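Peer 1: Provided below for reference: sequence and predicted model.
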Protein chains: 2
Amino acid sequence: MENQRIRVFAPATIANIGPGFDVLGLALSSPGDLLDAELTDTPGVEMVEITGDGGRLSRAAMKNVASRAAADVLRRAGSAKGLRLWLHKQMPLASGLGSSGASSAAGAVAANEILGRPLSPREVVLSAMEGERAASGTPHADNVAPSVMGGIVLIRSYDPFETIALPIPENLHIAVVHPHCKVSTAAARTLVADRTYGLDLIVPNLGGVAALVAALYCGDLPLLGRSIEDRIIEPLRATLIPGFAQVKAAALEAGALGCSIAGSGPSLFAFAGDAGSAQHMGAAMQRAFKTAAQLDSDLFTGRVSTEGARVI
Amino acid sequence: MENQRIRVFAPATIANIGPGFDVLGLALSSPGDLLDAELTDTPGVEMVEITGDGGRLSRAAMKNVASRAAADVLRRAGSAKGLRLWLHKQMPLASGLGSSGASSAAGAVAANEILGRPLSPREVVLSAMEGERAASGTPHADNVAPSVMGGIVLIRSYDPFETIALPIPENLHIAVVHPHCKVSTAAARTLVADRTYGLDLIVPNLGGVAALVAALYCGDLPLLGRSIEDRIIEPLRATLIPGFAQVKAAALEAGALGCSIAGSGPSLFAFAGDAGSAQHMGAAMQRAFKTAAQLDSDLFTGRVSTEGARVI
């Protein structure tokens, strides 16, 4: 008897979205990761093969985010079955685009789908967070939640865990530029986690994240752009990104509604009101990375994906 | 020729509304302050009389928030006229209900109305902030903006200054209990301003304030209640309020959707889904103040006022 095998696509994500550190994220239409999964009668999860990572990811089941997330689904579902996984990385690692989050989401969704959906979407997100923990050490959800659920997701609370799917403005287009340099997620997190912040920084972020949500409900793109201001995290992480100030300035000069760091960077995202503008400002950002920091880069443009990780 | 004279009512307000320190506030239907204003040909603002303050407020024009706000309107409008003011305090001072904010709003709105509305609503708020500065030393707007504008107001940014009027859920009712003890606004501010905060506190407030806005747009009262959680300010200011923990617990046990400190306290507010529930939980909070801290208290129940300061 042939074992059931499925293929899952899980989208890249932009976490934080400016002022919403650890609480906001959105799913991109592309890029994303592919994960093949096969149900077996042998308990446990085996990571058979990983492609596209240049050999940088661990194949050990409990160190790889996808297999760890899948194992957590098996555990929650009380399943005695096992899984064999083949992960195909189709997006840059340590780019700020939620690479580990997408693999975690793929692992959790693949396991849940192949078992016949024993878990609720909320539980799938929790399992994906358990995968993500292997990469970052802390179970944050602003990448895995949008990668699992699609759309723009707010994490209202981590304890108890609750997410809110936010409206997606019709004309919102996104440009993401990934410069060819590395920022360690763990280092970027330590940089901001090991210090404290005054109300002079906190208050603007509270106003910004609240206004960002209002802008999404109103479909007010200019307000959305004005709300993409982060006084807490961006000034610190900007120091890890060569050419940051010039690239952000180039995006705004090219008409970006707003621009900030994608996740922990080094990618920068910008919001636009149409596809042509997104392309235009993305190109300007690429030129600025080249001029200011001699960095080549990749440009992704697209819209928020309304679909999360799914069988394809 | 008789000088024109008007009377303005400016509502009390609840600032912060849980997680939104310095960026969120709402106008109450009552109580509020009354201000009579008369235009004169003599430049300058004279505070003729203050009633209802027990002699505690300064009559000096530039030390009183109402006259200071009115003077700022005259300045912005480039008016060579003057004003005579009579302020009738109809709400407790230093209660957390935005007493100085209401007087500031009354002063700014009265001056703008009597001059024939030379200023935009935004400028009126800025003048009211200038009045508020006399009371607190810092020009915050989360009391004066809702007192001027009515409704639930988000201050997206102080620089540049921008407010957003948020939707008011149809069934939202409010209980506010003012215990007969004093908390100095300046002391309450120093307590929270003179320290810094870690991301473990900031992230829950970012999620909370964002969820609160989502709840208002969706009219989701249970979500609104869950969003009234403040890890940054409430734990500190709670120490200034005798019986705080017992009163909050009593509100929640009585069915409050959410409960927190009104502004800098000592008043506590609670949200309810109907008028009877607001009355019920307000009474429970009053009993708890009495039992836990031997404090008498006043109870105000009502809805968010859609009207701000206005000529009556």
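Peer 2: Arrived safely, thanks for sending.

Peer 1: Could you list the buried residues of the lowest-mean-pLDDT helix or strand in chain A?
Peer 2: One helix or strand of chain A scores below all others by mean pLDDT, DSSP states H and E: helix A:185-193, with a mean of 84. For helix A:185-193, a neighbour-count test (16 or more other CB atoms under 10 Å in any protein chain shown) marks A:185, A:188-189, A:191-192 as buried. In this view, the C-beta of every residue, glycine as well, is placed from N, C-alpha and C.

Peer 1: which residues touch it?
Peer 2: Residues outside helix A:185-193 that contact it (CB atoms under 8 Å, 6 or more residues apart in numbering or on different chains) are A:21, A:94, A:100, A:135-138, A:232-233, A:236-237, A:240, A:263-265, B:198-199.

Peer 1: change it to 6 Å
Peer 2: A:136, A:233, A:236-237, A:264, B:199 (CB atoms under 6 Å, 6 or more residues apart in numbering or on different chains).

Peer 1: Of those residues, which is the nearest to residue B:225?
Peer 2: residue B:199 (24.8 Å; CB to CB).

Peer 1: Can you get me a residue count around that closest one?
Peer 2: Look at residue B:199: counted by other CB atoms under 10 Å in any protein chain shown, it has 20 neighbours.

Peer 1: contacting residues around it?
Peer 2: residue A:193.

Peer 1: Below-threshold pLDDT in the stretch 1-150 of chain A: ranges please.
Peer 2: A:1-3 (pLDDT under 70).

Peer 1: Pull the number of nearby residues for the closest residue to chain B within it.
Peer 2: Of all residues in the stretch 1-150 of chain A, the one sitting closest to chain B is residue A:23 (4.2 Å; CB to the nearest CB). Per other CB under 10 Å, the neighbour tally for residue A:23 reads 32.

Peer 1: Please spell out which residues along the helix or strand that contains residue A:45 are buried.
Peer 2: Assigned by DSSP states H and E, residue A:45 falls within strand A:44-51. Burial within strand A:44-51, assessed by neighbour count using 16+ other CB under 10 Å, is assigned to A:45-47, A:50.

Peer 1: Just give me how far it sits from the chain centre.
Peer 2: Centre-to-centre, strand A:44-51 and its host chain are 22 Å apart (CA atoms, centre = their mean, to the nearest Å).

Peer 1: picking that back up, surely the residue of the stretch 1-150 of chain A closest to chain B touches residue A:155?
Peer 2: Yes: under the contact definition of CB atoms under 6 Å, residue A:23 touches residue A:155, with a separation of 4.8 Å.

Peer 1: quick one: common contacting residues for those two?
Peer 2: residue B:207.

Peer 1: got the residues of the stretch 1-150 of chain A near chain B?
Peer 2: A:20, A:22-23 (CB under 6 Å from any CB of the partner chain).

Peer 1: What residues are bridge-paired with residue A:258?
Peer 2: residue A:271 (DSSP bridges).

Peer 1: Please list all residues in contact with it.
Peer 2: Under the criterion of CB under 6 Å, 6+ apart, the neighbours of residue A:258 are A:225, A:228, A:271.

Peer 1: Try it again at 10 Å.
Peer 2: Contact analysis of residue A:258 by CB atoms under 10 Å, 6 or more residues apart in numbering or on different chains lists A:17-18, A:208, A:212, A:215, A:221-229, A:248, A:251-252, A:269-272.

Peer 1: for residue A:266, phi and psi?
Peer 2: With angles defined as degrees, to the nearest 10, residue A:266 sits at phi -80, psi 0.

Peer 1: What is the burial count for it?
Peer 2: Neighbour number of residue A:266 under other CB under 10 Å is 31.

Peer 1: what's the answer for residue A:35, then?
Peer 2: Using other CB under 10 Å: residue A:35 sits among 31 other residues.

Peer 1: quick revisit: same list (the residues of the stretch 1-150 of chain A next to chain B) but as TSV, adding secondary structure.
Peer 2: Converted to TSV, these look like this (DSSP: H, G, I helix; E, B strand; the rest coil):
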residue	secondary structure
A:20	coil
A:22	coil
A:23	coil
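
Peer 1: now these as a markdown table including distance to residue B:160?
Peer 2: As requested, these are arranged in a markdown table below (distance: CB to CB, whole Å):
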| residue | distance to residue B:160 |
| --- | --- |
| A:20 | 21 |
| A:22 | 27 |
| A:23 | 25 |
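
Peer 1: Out of these, which is nearest to residue A:38?
Peer 2: residue A:22 (34.2 Å).

Peer 1: Contact partners for residue A:56?
Peer 2: Here residue A:56 is in contact with A:50, A:89, A:93-94 (CB under 10 Å, 6+ apart).

Peer 1: residues near residue A:246, how many?
Peer 2: Count around residue A:246 with other CB under 10 Å applied: 16.

Peer 1: so where does the spatially closest residue to it that is not a sequence neighbour fall, helix or strand?
Peer 2: Nearest non-adjacent residue to residue A:246, counting by CB to CB, 6 or more residues apart in numbering or on different chains: residue A:292, 3.8 Å away. Taking DSSP H and E as the criterion, residue A:292 maps to helix A:275-293.

Peer 1: so where do the strands sit in chain A?
Peer 2: Taking DSSP state E to define them, one finds strands in chain A at A:5-15, A:24-40, A:44-51, A:82-88, A:152-158, A:161-166, A:173-179, A:258-261, A:268-272, A:297-302, A:310-311.
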